[in-house]
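Asker: Give me a model of this one.
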Amino acid sequence: MPATVQKPSVPVLPETGFLRLADVLKIVPVCRTAWYNGVKSGLFPKPVALGKRARGYRAEDLRALIDRLNAGEEA
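Answerer: Below you'll find the model as predicted:
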């Protein structure tokens, strides 16, 4: 019986590139409303336009946010 390999439940944050909001919320455990309120207040990074209706978040900005949170600083 072959061993099953489980995929990680949290997406890997790439070094560069963009993530859509659904992937961001898997990495940063807040609800959608809290995320949008954080973006509006400047606590979380703003999205970048990827197309006419598509928005994404820079991996570098998310990595900086995670580093600040891990350092115990306010987002």
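
Asker: can you count the residues close to Asp61?
Answerer: Residues within reach of Asp61, counting by other CB atoms under 10 Å, total 17. C-beta: built from backbone N, CA, C; applies to glycine.

Asker: ok, it to Val24 distance?
Answerer: Applying CB to CB, to the nearest Å, one obtains 10 Å for the distance of Asp61 from Val24.

Asker: quick one: buried residues of the helix or strand encompassing Lys40?
Answerer: Assigning secondary structure by DSSP states H and E places Lys40 in helix 32-41. Neighbour counts using 16 or more other CB atoms under 10 Å place Trp35, Gly38 of helix 32-41 among the buried residues.

Asker: got it, and stretch 22-34?
Answerer: Within stretch 22-34, the residues that count as buried by 16+ other CB under 10 Å are Asp23, Val24, Ile27, Val28.

Asker: on that earlier part again, quick one: list the elements packing against the helix holding Lys40.
Answerer: helix 21-27 (3 or more CB pairs under 8 Å, 6 or more residues apart in numbering; DSSP states H and E).
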